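Visitor: Structure for this input, please:
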Amino acid sequence: MRRRSVIPVLVVVWLLVGAVAAGQRGYMTTDHDCATFSSTLVTIFVGPLNYLGVNPEVDCPELPEPSE
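Guide: Below you'll find the predicted structure:
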């Protein structure tokens, strides 16, 4: 029964640490384009790994120009 209460707490702490990591990188204060928004989400979900030296970044693919 105790494990059921520990896992949600660990998930919340994990996401809070990720939000702190995203804030430290300045992702919470800049204008959001596709790359910044996705990098922010990745950083929040893998935030604790930032403190171990992992640098998560997501690049958006180049979209083709529409034909005229």
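
Visitor: Check the gap between the most centrally placed residue in the chain and Leu16 for me.
Guide: Nearest to the geometric centre of the chain sits Thr43, at 2.4 Å (C-alpha atoms, centre = their mean). Using C-beta to C-beta, to the nearest Å, Thr43 is found at 13 Å from Leu16. Quick note: C-beta positions are derived from backbone N, CA and C, even for glycine.

Visitor: what do you get for Val42?
Guide: 16 Å.

Visitor: Which one's more surrounded, the two?
Guide: Per other C-beta atoms under 10 Å, whichever of Val42 and Leu16 has more neighbours is Val42, with 16 against 13.

Visitor: Quick check: that one vs Ala21, distance?
Guide: Using C-beta to C-beta, one gets 10 Å for the distance from Val42 to Ala21.

Visitor: same question, Pro48
Guide: Counting by C-beta to C-beta, the gap from Pro48 to Ala21 is 8 Å.

Visitor: out of these two, which sits in the busier spot?
Guide: Ala21 (19 against 16).

Visitor: Strands of the protein, residue ranges please.
Guide: Applying DSSP state E to the chain gives no strands.

Visitor: Quick check: which ranges of it have low pLDDT?
Guide: 1-3, 30-32, 35, 50, 55-58 (pLDDT under 70).

Visitor: what sits against Ile7?
Guide: Shown in contact with Ile7 (C-beta atoms under 8 Å, 6 or more residues apart in numbering): no residues.

Visitor: repeat for the one 10 residues further on
Guide: By C-beta under 8 Å, 6+ apart, the contact set of Val17 is 47-48, 51.

Visitor: Please tabulate those in JSON lines and include distance to Pro64 as additional columns.
Guide: What follows is these, written out as JSON lines (distance: C-beta to C-beta, whole Å):
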{"residue": "Gly47", "distance to Pro64": "34"}
{"residue": "Pro48", "distance to Pro64": "37"}
{"residue": "Tyr51", "distance to Pro64": "39"}
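
Visitor: Helices - which of those residues land there?
Guide: Among those, the residues falling in helices (DSSP state H) are 47-48.

Visitor: Ser5: which of the contacts of Val17 is nearest?
Guide: Nearest to Ser5 among the contacts of Val17 is Pro48, at 20.3 Å by C-beta to C-beta.
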